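S.K.: Here you go, sequence then predicted model.
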Amino acid sequence: MTGPALIFDKPNAYIGQSTPRADTNRLLEGRGRFVDDIQLPRMLHAAFLRSPYAHAEIRGLDTSAAKAAPGVVRVLTGADLEGVVEPYVGVLTHLKGLRSAPQMPLAVDRARWQGEPLAMVLARSRAEAEDAAALIEADLDPIPAACDAETALDPDAPVIHPEFGSNLAWERLVDVGDVDAAFARDDVQVVSRTLRFGRHTGVTLETRAAVAEYDPSEDRLTFHYSGQAPHMMQFIFAKHLGLAEENVRVVANDVGGSFGIKIHTYGDEVATAAAAKLLGRPVKFVADRYESFLSDIHARDHVVEARMAVDKAGKIVALDFDDLTGIGPYSMYPRTSAIEANQVLNLTGAPYDLENYRARGRVVFQNKNMMCQYRAVGHPIAMAICDGLLEDAAAKIGMDVVEMRRVNLMRDDSYPRASASGMKLDDLSHQKALNVLVETMGYDALRAEQAELRARGVYRGIGFVSMVEVTNPSPMFYGIGGAPIASQDGATVRLDAGGGLRVSSSVTEQGQGTNAILAQIAAGVFGVPIERVTVTTGDTDTVPYGGGTWASRGAGIGGEAMLQAAHALKEQVLEVAAVMLQSDAATLDIQNGSVVDGSGARMTLSDLARTVYYRGNELPSDLKPELIATRHYRVTDFPFVFTNGAMAAHVEVDTETGLVKVLNFWAVEDCGRVINPKLVDEQVRGGVVQGIGGALYEECIYSEDGQLMNATMADYLVPMAVEMPDIVVRHVETPTKTSVLGAKGAGEAGTGGAPAAVMNAVNDALRPLGATLWQMPMTPERILKALGKV
Amino acid sequence: MTTHDITITINGEAITATVPARRNLVDFIRQEAGLTGSHVGCEHGVCGACTVEVNGTPVRGCLMLAVQADGAHVTTVEGLADTGRGHRLRAAFQTHNALQCGFCTPGMLASALEYVEGGGTADRTAIREHISGNYCRCTGYQAIVDAIVEVIETGEGA
């Protein structure tokens, strides 16, 4: 893409510098603006009665005692919302054959997972609302449940939506080359494994939270939202509550962690908006931690049968797998719960030169909480399948795992090209990234140390992953399938009278530093000190229209829109300056808040703006100054802009206790142009730690009858500081040619790659003992079972 | 429901209120005093986001009842900012990007302050152990350790 490429070389460009995030000051001083901090006049508090059963007929809900309880203003059931809320269905037309049933915010006649909201109490305080919710007499008749995804397709399994005849939601097959012939060759070795990935969840430290205000005099809903996609939610509230879209305002201020959890349509949040509309009063709902575990979307839940054939030189000849994933009783609205499996089919093996590839994905309904897109959608599964089998095959043929990758990774000079599954790839650097990784970690010395320690009964393992990450998605991700999800984003840049820039963007901030990098880009491209830039995001009333933050798109798409807008405004300002200074615009530039030419500063931006805004009489009448510019950007040439990375984990397994200690972790990431190195490194580190969590600790443990057994923070384990290693991050920078900025995303690579690297490291440690483990999380109990000790 | 008249001095300001016995300290701080810097993350004493100082000692604001704090002096993240206490820690947190979403930060700062003011060393493992009562889902903790180490090595206090 052509454009103002010189912006990267000028003084004070900011792009490429670790500029601190200005908005951390208020968070450090206790001045954050989270949803639960909002107090409004006449506001009511919501609490929900949730189904205690995985599957139950609702015979009746007696709310009389609850209605009479102190502080209670109203009690709503599923029946009360019929006609108020239009049911929603989580399907996309481009995922051909995907089916799901209509869903209501509160279950109407049948509850389909433990935790599904049944009734809502609105009271003067949350405590009173909870007290009253406990007084609702629920006449529920538990019925047989299909909880286990692996048996949900059995002929005798209870069918969750009888109209579908089975619990199959979606199925897709990718079949490239001649897989059967490749496996039948007599010169190949075959490894085959069953991989299991448990459910885990986001555990955002700020739980989901909503404050809905409805003003009947203007038929206007304002929804204070802890989430990632304000415009998507604007559409959803408008459509399902029967409001004009322009009368719905969705505002996201500070968001206390998100990770994909807060980008879906939750019944309790829709009910909160519906209640505000019904009562004409503000309503607040803040999930408590128990509700979060029961109702925030869960992630993963896959069982994969996979096999790989390799020849004597270590070349992967074929890869074949069958992925079964459980999504709960509905496909989540509006993104659907089939994208995860679709990603697994699209991404598995994508770093490698692979001719024969077959992948079958089946997505099944079950009576558990819903599964949907979470940080690194499908990536941990895709990477663990291929890189897990690759290292297994390397062990079988006696080849070093790094050498085997060098044989199979796509060559860095082979792009543009496609993956076996047909993904268009460009500007990737797998071989270089692996080389940087091996050098950074001191691979040979580590292997020598490993051998020495093994002789002394210390079992350490080294595991790798070479990976791709989907970033900067085009309309091919969601928009094509009919979802109200923008893939384009907009930026507006305004020069104010004081000479500062007021910028706004449709991408959102949940702590990644979005606002900071938008300021860096605007300041650098336009030419003001960064302190003179103020940023607004997360308000559908004031920002340009766009998709928000997901799929690692904020920097690459929102950043490019900001670059284009700042550049456009600069050209507009220089046109005005040229008239005022009687010069040629081509000889002028903006630096450090002033219009400059070869002789130095000629006029401050404040002088220019005040003349335009206050003293237009001094300007020629045919000059029509515009000190504001808006630009939008979308990716057009590719469905997605892929990044690549190479990571390695170094672990020690205690063979007596089964405990795994992660000793070191290295990540080499190529996310194109790095706008703020510190922020990118911290995205990678935070992502790696979440990936380690999924690999070793985190699991939503269900009983056979669909009860979540560990729905507290004390029982659901997440990585804590003492368990985590320092993580070394390095970069290869291959800018994408799809934008001037050249930035790709970086938010999900760590989470997508770390689980495979950790699994490979654990298996590298276990192999000399004749054991391997292919189930995440790799808990002490599972490791001891693999070792035959329990 | 039983109620009690209590007075708690928060950041130097005495707040008197009639509260139900079951009201916990962090809800009192947020609702009665209007100080929303202390965050509620789990309400069962695990995540550490609600950590505040009560009479100079870090306490989980969700595990202490407001009535138990009757007569006590409480310092919250707002109080630290107002007095300048912990300013080197806050600066180091910003420099190292030791916070992303910022929800854990008030509690994390309280624990870090206890460590630094208590004469903790710059040993990374010791720091990691000390802050292992505070969840952070964003950073992966390394930047937080870096920030605390820097403050200790500078040797000028928190």
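M.R.: Arrived safely, thanks for sending.

S.K.: ok, the one residue in the stretch 51-200 of chain A that gets nearest to chain B - contacts?
M.R.: Nearest residue of the stretch 51-200 of chain A to chain B (C-beta to the nearest C-beta) works out as A:Ala127 at 7.2 Å. No exception for glycine: its C-beta is placed from N, CA and C like everyone else's. Shown in contact with A:Ala127 (C-beta atoms under 8 Å, 6 or more residues apart in numbering or on different chains): B:Pro20, B:Arg22.

S.K.: Just give the closest residue to whatever residue of chain B ends up closest to chain A, not the sequence neighbours.
M.R.: The minimum distance from chain B to chain A, using C-beta to the nearest C-beta, falls at B:Gly37 (2.2 Å). Leaving out its chain neighbours, the residue that sits closest to B:Gly37 by C-beta to C-beta, 6 or more residues apart in numbering or on different chains is A:Gly30, at 2.2 Å.

S.K.: what's the burial count for the one you found?
M.R.: Neighbours of A:Gly30 under the rule other C-beta atoms under 10 Å in any protein chain shown: 23.

S.K.: Am I right that it is in a helix?
M.R.: No: judged by DSSP: H, G, I helix; E, B strand; the rest coil, A:Gly30 forms no part of a helix; its state is coil.

S.K.: wait, isn't it in contact with B:Ala33?
M.R.: No: using C-beta atoms under 8 Å, A:Gly30 makes no contact with B:Ala33, being 11.7 Å away.

S.K.: can you pull the pLDDT of the residue of the stretch 51-200 of chain A closest to chain B?
M.R.: Looking at A:Ala127, its pLDDT stands at 97.

S.K.: what secondary structure does it sit in?
M.R.: Three-state call for A:Ala127 (three-state DSSP): helix.

S.K.: on that earlier part again, contact partners for the residue nearest to B:Gly37?
M.R.: B:Leu35, B:Thr36, B:Gly37, B:Ser38, B:Thr76, B:Val77, B:Glu78, B:Leu80, B:Ala81, B:Pro106.

S.K.: Swap in 6 Å and give it another go.
M.R.: For A:Gly30, the contacting residues are B:Gly37, B:Val77, B:Glu78, B:Pro106, by C-beta atoms under 6 Å, 6 or more residues apart in numbering or on different chains.

S.K.: Reformat these as a markdown table; add distance to B:Gly140, secondary structure and neighbour count.
M.R.: What follows is these, written out as a markdown table (distance: C-beta to C-beta, whole Å; DSSP: H, G, I helix; E, B strand; the rest coil; neighbours: other C-beta atoms under 10 Å in any protein chain shown):
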| residue | distance to B:Gly140 | secondary structure | neighbour count |
| --- | --- | --- | --- |
| B:Gly37 | 24 | coil | 25 |
| B:Val77 | 22 | helix | 31 |
| B:Glu78 | 27 | helix | 21 |
| B:Pro106 | 19 | helix | 30 |
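
S.K.: Residue numbers of the stretch 151-300 of chain A in contact with chain B?
M.R.: A:Leu205, A:Glu206, A:Gly256, A:Gly257, A:Arg289 (C-beta under 6 Å from any C-beta of the partner chain).

S.K.: can you rerun that using 10 Å?
M.R.: Near chain B, the residues belonging to the stretch 151-300 of chain A are A:202-207, A:226, A:254-259, A:286, A:288-290, A:292 when assessed by C-beta under 10 Å from any C-beta of the partner chain.

S.K.: Which of those residues fall in helices?
M.R.: Using DSSP state H, A:Arg289, A:Tyr290, A:Ser292 are the members of these that sit in helices.

S.K.: Touching, the first one and B:Glu43? I think so.
M.R.: Translated: A:Arg289. Yes: between A:Arg289 and B:Glu43 there is a contact at 6.3 Å, judged by C-beta atoms under 10 Å.

S.K.: what is in contact with the two at once?
M.R.: Counting by C-beta atoms under 10 Å, 6 or more residues apart in numbering or on different chains, the shared contacts of A:Arg289 and B:Glu43 are A:Thr207, A:Thr712, A:Met713.

S.K.: low-scoring pLDDT stretches of the stretch 401-550 of chain A, where are they?
M.R.: Within the stretch 401-550 of chain A, no range satisfies pLDDT under 70.

S.K.: just the strands in it please.
M.R.: A:417-418, A:424-425, A:459-471, A:489-495, A:501-505, A:533-537 (DSSP state E, counting those that start in this stretch).

S.K.: Repeat that for chain B.
M.R.: Taking DSSP state E as the test, the strands found in chain B are B:3-10, B:13-20, B:51-54, B:57-60, B:73-75.

S.K.: For the first one, buried residues please.
M.R.: Think strand B:3-10. Neighbour-count burial for strand B:3-10, counted by 16 or more other C-beta atoms under 10 Å in any protein chain shown, picks out B:Ile6, B:Ile8, B:Ile10.

S.K.: relative to strand B:13-20, how tilted is that strand?
M.R.: Per axes from the mean of the first three to the mean of the last three C-alpha atoms, to 10 degrees, the angle that strand B:3-10 makes with strand B:13-20 is 160 degrees.

S.K.: Any figure for the gap between A:Ser703 and A:Thr779?
M.R.: 17 Å (C-beta to C-beta, to the nearest Å).

S.K.: With A:Ala275 instead?
M.R.: A:Ala275 sits 41 Å away from A:Thr779, going by C-beta to C-beta.

S.K.: between these two, who's got more neighbours?
M.R.: When neighbours are counted by other C-beta under 10 Å, A:Ala275 and A:Thr779 differ, and A:Ala275 comes out ahead with 27 against 19.

S.K.: How is chain B divided into domains?
M.R.: B:3-80, B:86-154 (automatic domain parsing).

S.K.: Can you say which of those is nearest to A:Arg411?
M.R.: The minimum distance between A:Arg411 and the domains of chain B falls on domain B:86-154, with 32.5 Å, by C-beta to C-beta.

S.K.: Throw the shared contacts of A:Arg289 and B:Glu43 into CSV and include neighbour count and pLDDT, thanks.
M.R.: Formatted as CSV, the shared contacts of A:Arg289 and B:Glu43 follow (neighbours: other C-beta atoms under 10 Å in any protein chain shown; pLDDT from 0 to 100):
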residue, neighbour count, pLDDT
A:Thr207, 30, 98
A:Thr712, 13, 97
A:Met713, 23, 96
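
S.K.: wait, A:Met776 sits on A:Ala299?
M.R.: No: here A:Met776 does not reach A:Ala299: they are 11.3 Å apart, not a contact under C-beta under 10 Å.

S.K.: any residues in contact with both of the two?
M.R.: Common neighbours of A:Met776 and A:Ala299 (C-beta under 10 Å, 6+ apart) are A:Phe197, A:Gly198, A:His200, A:Pro380, A:Gly694, A:Glu698.

S.K.: Please work out how many residues are found near the third one.
M.R.: Using other C-beta under 10 Å, A:His200 is surrounded by 25 other residues.

S.K.: How about it: what's its closest non-neighbour residue?
M.R.: With sequence-adjacent residues excluded and distances taken as C-beta to C-beta, 6+ apart, A:His200 is closest to A:Glu698, at 3.8 Å.
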